[in-house]
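K.L.:
dropping a prediction and its sequence here:
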Amino acid sequence: MDIDGRELRNALGRFATGVCVVTTVDERGNALGLTANSFSSVSLDPPLVLWNLQNGSDAYDAYARPRRFAINVLSAQQLALSNQYARKGDHLLDPAHFRHGRHGAPILRDALVSFECELHAAHEGGDHLIIVGKVLDVSGRPGGNPLLFFSGAYRELH
Ligand SMILES: Cc1cc2nc3c(=O)[nH]c(=O)nc-3n(C[C@H](O)[C@H](O)[C@H](O)COP(=O)(O)O)c2cc1C
(Lines give C-alpha, C1' and ligand atoms only; values in the text may rest on other atoms or scores of the structure.)
Protein backbone atom coordinates (compact mmCIF):
# COMPACT_ATOMS: atom_id res chain seq x y z
CA MET A 1 0.00 0.00 0.00
CA ASP A 2 1.36 3.39 -1.02
CA ILE A 3 0.86 5.90 1.75
CA ASP A 4 -0.04 9.43 0.75
CA GLY A 5 2.33 11.92 2.39
CA ARG A 6 -0.35 14.38 3.41
CA GLU A 7 -2.55 11.62 4.85
CA LEU A 8 0.41 10.29 6.81
CA ARG A 9 1.28 13.75 8.15
CA ASN A 10 -2.34 14.28 9.20
CA ALA A 11 -2.49 10.87 10.85
CA LEU A 12 0.75 11.43 12.76
CA GLY A 13 -0.58 14.80 13.88
CA ARG A 14 -3.34 12.97 15.76
CA PHE A 15 -0.69 12.04 18.33
CA ALA A 16 -0.69 14.93 20.81
CA THR A 17 2.73 16.15 21.91
CA GLY A 18 4.36 18.84 23.94
CA VAL A 19 6.52 21.45 22.23
CA CYS A 20 10.24 21.92 22.84
CA VAL A 21 12.99 24.29 21.77
CA VAL A 22 16.24 22.43 21.22
CA THR A 23 19.19 24.68 22.02
CA THR A 24 22.85 24.33 21.18
CA VAL A 25 25.95 26.35 20.27
CA ASP A 26 27.37 26.42 16.74
CA GLU A 27 31.07 26.27 15.86
CA ARG A 28 31.32 30.08 15.98
CA GLY A 29 29.94 30.15 19.51
CA ASN A 30 26.44 31.38 18.60
CA ALA A 31 23.62 30.08 20.79
CA LEU A 32 20.82 28.59 18.66
CA GLY A 33 17.22 27.45 19.23
CA LEU A 34 14.98 25.26 17.04
CA THR A 35 11.38 24.30 17.77
CA ALA A 36 10.72 20.54 17.82
CA ASN A 37 7.95 18.22 18.94
CA SER A 38 9.74 14.95 18.13
CA PHE A 39 11.15 14.67 21.64
CA SER A 40 10.85 11.31 23.37
CA SER A 41 12.29 9.54 26.36
CA VAL A 42 14.46 6.52 25.54
CA SER A 43 16.09 5.08 28.65
CA LEU A 44 16.27 5.73 32.39
CA ASP A 45 19.55 3.91 33.05
CA PRO A 46 21.53 5.22 31.28
CA PRO A 47 19.45 8.40 31.04
CA LEU A 48 18.77 8.87 27.31
CA VAL A 49 16.35 11.03 25.34
CA LEU A 50 15.92 11.67 21.61
CA TRP A 51 14.62 14.11 19.07
CA ASN A 52 14.56 14.05 15.26
CA LEU A 53 16.21 16.68 13.04
CA GLN A 54 15.07 17.27 9.43
CA ASN A 55 17.91 16.47 7.01
CA GLY A 56 17.08 19.64 5.07
CA SER A 57 17.38 22.03 8.02
CA ASP A 58 19.48 25.15 7.45
CA ALA A 59 20.81 24.55 10.95
CA TYR A 60 21.66 20.90 10.22
CA ASP A 61 25.42 21.19 10.77
CA ALA A 62 25.09 22.78 14.19
CA TYR A 63 22.40 20.34 15.36
CA ALA A 64 23.56 17.05 13.83
CA ARG A 65 26.81 16.76 15.80
CA PRO A 66 26.47 18.97 18.85
CA ARG A 67 28.84 18.47 21.74
CA ARG A 68 26.20 19.69 24.12
CA PHE A 69 22.55 20.53 23.59
CA ALA A 70 19.43 21.02 25.68
CA ILE A 71 15.81 20.05 25.15
CA ASN A 72 13.58 22.70 26.72
CA VAL A 73 9.91 21.84 27.22
CA LEU A 74 7.75 24.92 26.63
CA SER A 75 5.04 26.15 28.94
CA ALA A 76 1.64 27.37 27.73
CA GLN A 77 2.99 30.94 28.11
CA GLN A 78 5.78 30.32 25.58
CA LEU A 79 3.81 29.96 22.34
CA ALA A 80 5.56 33.03 20.87
CA LEU A 81 8.96 31.38 21.45
CA SER A 82 7.76 28.28 19.60
CA ASN A 83 6.90 30.40 16.54
CA GLN A 84 10.06 32.49 16.79
CA TYR A 85 12.41 29.50 16.77
CA ALA A 86 10.49 27.69 14.02
CA ARG A 87 11.35 30.40 11.45
CA LYS A 88 13.45 29.03 8.61
CA GLY A 89 17.14 29.89 8.81
CA ASP A 90 16.59 32.13 11.81
CA HIS A 91 17.72 30.20 14.86
CA LEU A 92 19.89 32.72 16.74
CA LEU A 93 18.79 32.71 20.37
CA ASP A 94 17.83 36.07 21.85
CA PRO A 95 20.27 36.62 24.77
CA ALA A 96 17.27 37.50 26.98
CA HIS A 97 15.80 34.05 26.39
CA PHE A 98 18.56 31.85 27.82
CA ARG A 99 21.18 31.27 30.48
CA HIS A 100 24.24 29.03 30.32
CA GLY A 101 23.75 25.51 31.67
CA ARG A 102 26.22 23.76 33.95
CA HIS A 103 27.59 21.77 31.01
CA GLY A 104 27.76 24.55 28.44
CA ALA A 105 24.44 24.27 26.61
CA PRO A 106 22.11 27.28 26.45
CA ILE A 107 19.08 26.72 28.73
CA LEU A 108 15.81 28.46 27.89
CA ARG A 109 14.53 30.65 30.71
CA ASP A 110 11.11 29.78 32.18
CA ALA A 111 10.81 26.42 30.39
CA LEU A 112 8.75 23.80 32.22
CA VAL A 113 11.82 21.58 32.28
CA SER A 114 15.18 21.47 30.50
CA PHE A 115 17.29 18.40 29.81
CA GLU A 116 20.94 19.29 29.26
CA CYS A 117 22.59 16.57 27.18
CA GLU A 118 25.77 15.38 25.54
CA LEU A 119 25.56 13.65 22.19
CA HIS A 120 25.20 9.89 22.70
CA ALA A 121 24.41 8.69 19.16
CA ALA A 122 22.99 9.85 15.84
CA HIS A 123 21.10 7.42 13.61
CA GLU A 124 19.84 7.94 10.08
CA GLY A 125 16.06 7.80 10.00
CA GLY A 126 14.85 8.48 6.45
CA ASP A 127 14.50 12.21 5.94
CA HIS A 128 15.37 12.89 9.59
CA LEU A 129 18.39 12.26 11.81
CA ILE A 130 17.59 10.61 15.15
CA ILE A 131 19.67 12.38 17.78
CA VAL A 132 20.08 10.57 21.07
CA GLY A 133 21.34 12.56 24.02
CA LYS A 134 22.68 11.45 27.38
CA VAL A 135 21.08 13.63 30.05
CA LEU A 136 23.72 15.41 32.15
CA ASP A 137 21.46 17.76 34.08
CA VAL A 138 17.76 18.47 34.58
CA SER A 139 16.42 21.87 35.64
CA GLY A 140 13.05 23.54 35.64
CA ARG A 141 10.32 25.01 37.73
CA PRO A 142 7.57 23.31 39.65
CA GLY A 143 4.01 23.65 38.38
CA GLY A 144 3.05 25.38 35.18
CA ASN A 145 1.07 24.04 32.22
CA PRO A 146 2.54 22.72 28.97
CA LEU A 147 2.14 24.06 25.46
CA LEU A 148 0.61 21.24 23.40
CA PHE A 149 0.53 20.48 19.67
CA PHE A 150 -2.28 18.43 18.12
CA SER A 151 -3.60 18.15 14.55
CA GLY A 152 -1.34 20.95 13.36
CA ALA A 153 -2.42 23.48 15.99
CA TYR A 154 -1.31 24.64 19.41
CA ARG A 155 -3.49 23.55 22.32
CA GLU A 156 -3.59 23.99 26.06
CA LEU A 157 -4.69 21.72 28.87
CA HIS A 158 -8.23 22.35 30.06
C1 LIG B 1 5.32 22.54 16.57
C2 LIG B 1 6.53 22.33 15.70
C3 LIG B 1 7.28 21.16 15.81
C4 LIG B 1 8.43 20.95 15.03
N5 LIG B 1 9.16 19.81 15.20
C6 LIG B 1 10.32 19.65 14.51
C7 LIG B 1 11.14 18.52 14.76
O8 LIG B 1 10.83 17.66 15.59
N9 LIG B 1 12.31 18.41 14.05
C10 LIG B 1 12.68 19.35 13.12
O11 LIG B 1 13.74 19.19 12.51
N12 LIG B 1 11.92 20.44 12.87
C13 LIG B 1 10.76 20.61 13.54
N14 LIG B 1 9.99 21.71 13.33
C15 LIG B 1 10.41 22.67 12.32
C16 LIG B 1 11.50 23.61 12.83
O17 LIG B 1 11.14 24.22 14.05
C18 LIG B 1 11.75 24.75 11.85
O19 LIG B 1 10.51 25.24 11.41
C20 LIG B 1 12.52 24.37 10.67
O21 LIG B 1 13.65 23.70 11.10
C22 LIG B 1 12.89 25.67 9.93
O23 LIG B 1 13.73 25.41 8.85
P24 LIG B 1 15.34 25.43 9.03
O25 LIG B 1 15.69 24.37 10.01
O26 LIG B 1 15.84 25.11 7.65
O27 LIG B 1 15.76 26.80 9.50
C28 LIG B 1 8.83 21.94 14.09
C29 LIG B 1 8.09 23.13 13.98
C30 LIG B 1 6.96 23.33 14.77
C31 LIG B 1 6.19 24.63 14.65
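P.N.:
Cool, got the structure.
K.L.:
please make it C-alpha for all contacts and neighbour counts, starting now.
P.N.:
Will do.
K.L.:
for the spatially most central residue of the chain, give its distance to residue 8.
P.N.:
The centroid of the chain falls nearest to residue 22 when counting by Cα atoms, centre = their mean (3.4 Å). According to Cα to Cα, to the nearest Å, residue 22 and residue 8 sit 25 Å apart.
K.L.:
ok so, going back, what does the residue nearest to the centre of the chain show for phi and psi?
P.N.:
When read as degrees, to the nearest 10, the backbone of residue 22 gives phi -90, psi 130.
K.L.:
so which strand or helix has residue 28?
P.N.:
Element membership for residue 28, per DSSP states H and E: none, as it lies in no helix or strand.
K.L.:
what is the neighbour count of it?
P.N.:
By the measure other Cα atoms under 10 Å, the count of residues near residue 28 is 7.
K.L.:
pull the contacting residues for it.
P.N.:
By Cα atoms under 8 Å, 6 or more residues apart in numbering, the contact set of residue 28 is empty.
K.L.:
around the ligand, pick out the residues from this protein.
P.N.:
Contact residues, the chain versus the ligand (Cα under 6 Å from any ligand atom): 19, 34-38, 52-54, 57-59, 86-90.
K.L.:
could you pick out the buried ones from these?
P.N.:
For these, a burial check counting by 16 or more other Cα atoms under 10 Å picks out 19, 34-37, 52-54, 59, 86.
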